[in-house]
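> Sequence first, then the predicted structure:
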Amino acid sequence: MTYFPTEDRDGTIIITLTNGERNTLNPDLLEEGVTALQELAKNPPKGGIVLTGAGEHFTCGMDTKVAASLDEAGQKRARDGVNNLIAALHRLPCPLVCAVNGNSIGAGGIMMLCADWIYAATGHYKIGLPEAKAGLPFPPVPQAVLDHWLEPSWRRRLALSSMLLTPNEAIGAGLVEATVMPDDLIDKSVAKAKELAAQPGFRACKRQLRAKANAEIDGILDN
């Protein structure tokens, strides 16, 4: 069984994060995700990538029970896994659209910030970065993504208060472009990925836009 099953939708790859009821993260899942994303980066799909979650959640972030059970080596493996997964998402050369289907907490919010476009399904769920409340400070690569892609006042509010936002509130925070009906989420996300990919200068512009952040990420991972 894979944590990241894929579907090829006429040249657009749909990745569905799949792990139990809440799609929580653990070291095995993180390492599998890194390998999958790095392979996609070597041969990017023509129609881009859509990332979503299975069931009712996008991801509720790190599995706190697993995290609490890890020894020092396991904790390092988990931190490295988060750093490498976020780096792999951020470095994808093709369009990446996040199709947020439900709760997106902690690392889920960082994953959203790695995308080129974010749609969220309408619904009664939450999006946020409650690492302070969970006692899990941001690893350095997620922090770099926050620093580059989240407006400073919202970065302060979300990171220090652990406040959680509704999908519509997340639009105002710059975490979501628009909300769509749940039944339309994947189709609209695939259409947006194809639309972005059809632009002849997309990859060059994305490379330019992310150059400073990627250089910072490279420096973090090289240490």
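Okay, I see it. Numbers count the residues shown, from 1 in each chain.

> right, and the helix or strand after the strand or helix carrying Ala41?
Ala41 belongs to helix 27-42 when assigned by DSSP states H and E. Note on helix 27-42: by DSSP H and E, the next helix or strand toward the C-terminus is strand 49-53.

> Mind giving me the packing neighbours of that following strand?
Applying 3 or more Cβ pairs under 8 Å, 6 or more residues apart in numbering; DSSP states H and E, one finds that strand 49-53 contacts strand 12-17, strand 96-100, helix 185-197. Heads up, the C-betas are built off the backbone N, CA and C, glycines and all.

> need those in JSON lines with distance to Asn223, mean pLDDT and mean neighbour count, can you?
Formatted as JSON lines, the helices and strands packed on strand 49-53 follow (distance: least, Cβ to Cβ, whole Å; pLDDT from 0 to 100; neighbours: other Cβ atoms under 10 Å):
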{"stretch": "strand 12-17", "distance to Asn223": "28", "mean pLDDT": "98", "mean neighbour count": "21"}
{"stretch": "strand 96-100", "distance to Asn223": "26", "mean pLDDT": "99", "mean neighbour count": "28"}
{"stretch": "helix 185-197", "distance to Asn223": "33", "mean pLDDT": "98", "mean neighbour count": "21"}
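
> all helices for this structure, in order.
Applying DSSP state H to the chain gives helices spanning 27-42, 64-69, 72-91, 107-113, 131-134, 140-149, 152-161, 167-172, 185-197, 202-222.

> Looking at those, spot the one closest to Gly11.
Closest to Gly11 of those is helix 185-197 (Cβ to Cβ; 7.4 Å).

> now the angle from that closest one to strand 96-100?
Counting by axes from the mean of the first three to the mean of the last three Cα atoms, to 10 degrees, helix 185-197 points 160 degrees away from the direction of strand 96-100.

> send the alpha carbons of helix 185-197 over as PDB?
The C-alpha coordinates for helix 185-197 follow below in PDB (Å, rounded to 0.1, in the frame of the first residue of the first chain):
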ATOM      1  CA  LEU A 185     -12.900  20.400  -6.300                       C
ATOM      2  CA  ILE A 186     -10.800  17.900  -8.300                       C
ATOM      3  CA  ASP A 187     -12.100  18.800 -11.700                       C
ATOM      4  CA  LYS A 188     -11.500  22.500 -11.100                       C
ATOM      5  CA  SER A 189      -8.000  21.800  -9.700                       C
ATOM      6  CA  VAL A 190      -7.100  19.700 -12.700                       C
ATOM      7  CA  ALA A 191      -8.400  22.400 -15.100                       C
ATOM      8  CA  LYS A 192      -6.300  25.100 -13.200                       C
ATOM      9  CA  ALA A 193      -3.200  22.900 -13.400                       C
ATOM     10  CA  LYS A 194      -3.600  22.500 -17.100                       C
ATOM     11  CA  GLU A 195      -4.300  26.200 -17.600                       C
ATOM     12  CA  LEU A 196      -1.100  27.100 -15.700                       C
ATOM     13  CA  ALA A 197       0.900  24.500 -17.600                       C
END
